[in-house]
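Engineer: pasting the structure only:
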């Protein structure tokens, strides 16, 4: 038996979480460095996984399989396909940046605040008590669970991770709020706990419905193993019956649509992202939510191909509504973080659109979109976080003219924003265009409507940039320092990656393509032929 | 005699019917007055009456041992225990029969009525038209008591032993519940006198304070400044935490009174000044 | 006389006792009502015993009495200690079961 | 030779990267680096050009494939370049004018602390624009298309501390995005129709699909062109774009970027040829914009905005020509090139005037400047003569051909289009004469500029007023600014003639675009004569209105049309009321809906659950007797159930 590489990749951050949590209270700095080192080590392991993955090889590679709960046939089964390996790499890549960006977010006293405007008495209320160790340990815990969920090929194992992820996320949202808030500390704490509870309830509701469907699947199929069920479906030995298949599909899809989030199940996201610290907000939208869209691609399409096709029209409409609606709401926001949250809702609409368009371009685009959106949102959100930390406010109206005093910050923010509006040359353009083309070739009307999203994206990004960065320098912004070394270490690699993947996305497309072909085979769909070639 | 009794046990005579209707009425009246009497003592006595009637019915049904036990143990011991506790709690206290919980009485009545009707309907459905009689059963071991003894010490011996254990436990439990632990070793007379001399209070302890409205032993007296003086309450009660406070209400009253007098005085003062001008 | 009459009486007494438990607030009276219910059961047992020509019913009634005695002992002890601390024997005073 | 193509883009791209990431240490040398790399690109362009001239007409197209960009099943997008005569023309124009404007900017931006960044943006623009014209497929063209949009955004908003500049930049980007939407839909249509979007296969197989498809693609491409080239109805951004530094207006918003739409249409000629309806739409857009821009140009007092109106109008000519099909393609490009020379020259001249006038832009506060700025006067004057189509100068040749081609369209359409084009020529003569007279002739109104003028609501606010209000001291600009102006003036004078003599330009481009002489209902001489007549009429009216009478320093109220034209013929107001206000209301109500309805349904469910539990909780009142009742009730129910089951 070869070395269990996937288990190691997932377990390393988990061990790191425990180790970080065990660091004595006084050694906060040590905990940070430990967490960073372990996340980097995980990145190395993920890199090895990526390197050892052969695009032309089997569908699932580096597989591991052990009996777990024998009575129910639950197995500890791992394996990566091209889609999983891309997202695994994304997760492992983003976590070090999240940790680095949140370096001071969990310090116990806000005395270390970066803004030079200073002012205000030192706050010592209990709401500011932040156990640093816990913060970083929870982040690593989330990483471990997310990685494992990307490689789990047992439905039950996936379900457990899907739900277990909520626990550390709940504490991260509810326990470590953004210091920049309007109103009193008590008020902020109340809003934060509202956001955390909302997050938990939405996702739990989705998860419970999924649990019912998981059990139903076991009853129908007699197994939890993804490959077994898919194989049985393929050779016709398993016939779920149309009605059952549709119900089970809906159960799974609902949970993923909450997580993704798809309109109208999206309202938890702006709250959660607004109230959480910026690194946690990035963790939510760039990493954890990806599990939802990933699972649509892996479980919904693979286990229930017929039902997926049956539900496609409705899902496409929901996705389109998400795109336009999220973008319009982003335009109407007054809070920077909520704006980015609504923008993410719009982008998740694109991902779902690409998945359910069921064309090669659409699905490859959706997978790339997941990766690229993770990077671009991380870049935009983390730089926005640096900005917010400096000024102590999340309201757009409190800024103006930052470009003059902190040009590097403004520049990185602009690049993040341009990536968000899918400027060609940056990574998100590739994926967005693929999704659009893929959708258009199967459903022209949907493609055209989705294109409206790119105009609206320009609107909200540029309005945000104009109101915060340009114009006369506001007095409060006056002495704002530019990005520091640590912050540059977060922003620059992300931007470099955005440019690299925008110009040369081949390393990603070549792992993703075979996996997409497998999925296309699962749903038994063929790409629509171009008119001219079809005529020949 | 045993034969006639056995016969009585197996068949119902007119006499028994008369007895049933008469005593049955008494039993129901007793039960009702147990529930409805305002004073606990009256309830207890009514219950005792019902129990005695029931003892008679036991006897009439051929359960001689139980009939006697009912009178001796139940009516004699348990009901007396009840009365004892009633006396302890306060025999004169009469409960208000006014219902405080909203809808409780109606719900109780509805449930009771429904329960009764259903039970009676259920019994009415059962096909129980005659007694088999206990003659054979009693005769097997030579009498009712012997028969019971036989069963208790053979078939039900485990249950019997367990009830024994239960009784012991109950006894211990009752003792524990009512017992109060001493908080410290009892002091000798000598120690107490020494302590008293050492303390700052050689003279008698203070009497209830000036503004106290009570002179009960468990209410602290008030010092002139309105604070309660711990010294005025017995040490044992203090330790047990059984001190009652002078209610805040009376203190508030006091404050209000002072305020008013102050105002009155102040106003008078001002008036004087004005007059002086 | 129909032997079922005893059962009717037992049912009646039981219902009266149960209603008493619900209506009365004085813990001691509530207790008495419980005793009344137990006695009603005993009456039914005894009547059944006679109907079936079987002593087991009487045995059960006997055990009921024993258990009732134990129960009374503990219950009354509780009432006494409750009264000591609260100066009341009303069951409504002890409403701490609420959240 | 092919391998040099990438170098065209690489040089300015490198410049942009170095200048934007280099930090402060490049502040002193940055502008030289930028200019040098732009020049290097020009040199590469010239080398490629001479190489191309050395080959046969059929053999002149060069290809270079760098790498596969987005390889996905059934979808092939490469980073590959195609350099043919059409692209070459653009490359030379872009790098040539671009280099000149780099040189000009060295002087113009001398006192700006962010000059390094400015040159970085200019280089970025050059790279993107070159990518646009030498891409060999529509997707890569789209990259350049958006790239120039970004550069334009950054440069319009270069003086970001001015809210008006930031707003103008945003507006430009957004309006362009609407056009980009058209381009991306067009590309998607191409993909579903042809299975590819490379120029060769797409343009080569237009015959194999239906006219409806081609019309749809054509209309979408037209939408894209409208956005980039500021054609009606997406023209509103160009006037505001004048907030940017003047070299930017010259390079991007006059000579190169705004002509990208013309390039797109000419490049996609095969598609339009197969879709007459789309062609008609192009022609209509061109004709309408031609008049629209000209009318707006007549009313503006801001010199740059007047020139912007003129740009719009001239591009309208080009689009009109491009819409005429093979009859007009060559002339569209020719006018594009000559326009590139004279309009860039005019803008640089305007910049030079502003440079000497404390950044004053209101022409009513100029006057009589010819004495103080002789070089500017001469170069500007030559540009002026070129644009109105003075015989012998560049504009004469190119515009005349377009008017001829419009008549050659034939039928009623031909007459209408021809008349419109002639009318446009008259108005052009009028407004350009007006600009000339207001700026360089007449009394020196700037001497009274110190007296405060009563603000009138419909007077265009002077956007670039300098900090000090002291009386300006007009002076000639430094050498670095005048030299590019002279070079461009040279081009304005001779380019047209050079191209037209022996139909050089026609032969050069014909292999790519094709050509068709059409069947003109009137002879070329008649058209030229008519053009001369309307030219004289236009100039005469302007002279009568502005040359003979003193010009008030404060704009008179004017007629209804004048006032409407000052406000961009109310198009902006329409946008504002319908799109901006409407959008604001929409988003605001959506935010409300999201909060109350979508979130409300969920929160309502939660609240009703909470309410229900609250109600149920009162049952848990803590009273033992209450619990006893429930227990007893339960017992009743159980007995009832038992009996019921027995009964059943």
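Structural biologist: Everything's here; your move. Just so we're clear, the structure is a prediction, and the values are computed from it rather than from any experiment.

Engineer: any weak-confidence spans in chain C?
Structural biologist: C:94-99 (pLDDT under 70).

Engineer: now whatever helix or strand residue C:19 lives in, how far from the chain's geometric center?
Structural biologist: Residue C:19 is part of helix C:4-23 when elements are defined by DSSP states H and E. Centroid separation for helix C:4-23 versus its chain: 10 Å, with Cα atoms, centre = their mean, to the nearest Å.

Engineer: packing partners for that helix?
Structural biologist: helix B:14-36, helix B:40-60, helix B:104-125, helix C:27-52, helix D:624-647 (3 or more Cβ pairs under 8 Å, 6 or more residues apart in numbering or on different chains; DSSP states H and E). All C-beta atoms are positioned from the backbone trio N, CA, C, and that covers glycine.

Engineer: With distance to chain A as extra columns, can I get these in TSV?
Structural biologist: Shown next, in TSV, are those (distance: least, Cβ to the nearest Cβ, whole Å):
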stretch	distance to chain A
helix B:14-36	49
helix B:40-60	51
helix B:104-125	35
helix C:27-52	42
helix D:624-647	29
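
Engineer: Dump those to TSV, plus distance to residue D:330 and mean neighbour count.
Structural biologist: Converted to TSV, these look like this (distance: least, Cβ to Cβ, whole Å; neighbours: other Cβ atoms under 10 Å in any protein chain shown):
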stretch	distance to residue D:330	mean neighbour count
helix B:14-36	114	17
helix B:40-60	118	23
helix B:104-125	99	17
helix C:27-52	110	24
helix D:624-647	95	15
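
Engineer: Which of those sits closest to residue A:30?
Structural biologist: helix D:624-647 (55.2 Å; Cβ to Cβ).

Engineer: hmm, that closest one touching chain B?
Structural biologist: Yes - for helix D:624-647 and chain B, the contact criterion (Cβ under 8 Å from any Cβ of the partner chain) is met by D:625-626, D:629, D:632-633, D:635-636, D:639-640, D:642-643, D:646.

Engineer: Which single one of those is nearest to residue D:545?
Structural biologist: Nearest to residue D:545 among the residues of helix D:624-647 next to chain B: residue D:626, at 97.2 Å, using Cβ to Cβ.

Engineer: ok, the closest residue to that closest one other than its chain neighbours - how many residues close by?
Structural biologist: The shortest distance from residue D:626 to any non-neighbouring residue, by Cβ to Cβ, 6 or more residues apart in numbering or on different chains, is to residue B:101 (6.1 Å). Residue B:101 is flanked by 18 other residues according to other Cβ atoms under 10 Å in any protein chain shown.

Engineer: next structured bit after the lengthiest helix in chain D?
Structural biologist: For chain D, the longest helix by residue count, based on DSSP state H, is helix D:163-194. Moving toward the C-terminus from helix D:163-194, the next helix or strand (DSSP H and E) is helix D:199-204.

Engineer: right, and residue C:86 touches residue C:79 too?
Structural biologist: No - counting by Cβ atoms under 8 Å, residue C:86 does not reach residue C:79; the two are 10.5 Å apart.

Engineer: quick one: contacts for the residue nearest to residue B:30 when sequence neighbours are not counted?
Structural biologist: Closest residue in space to residue B:30, ignoring its immediate chain neighbours: residue B:50 at 3.5 Å, by Cβ to Cβ, 6+ apart. Listed by Cβ atoms under 8 Å, 6 or more residues apart in numbering or on different chains, the contact partners of residue B:50 are B:26-27, B:30-31, B:34, C:13, C:36, C:39.
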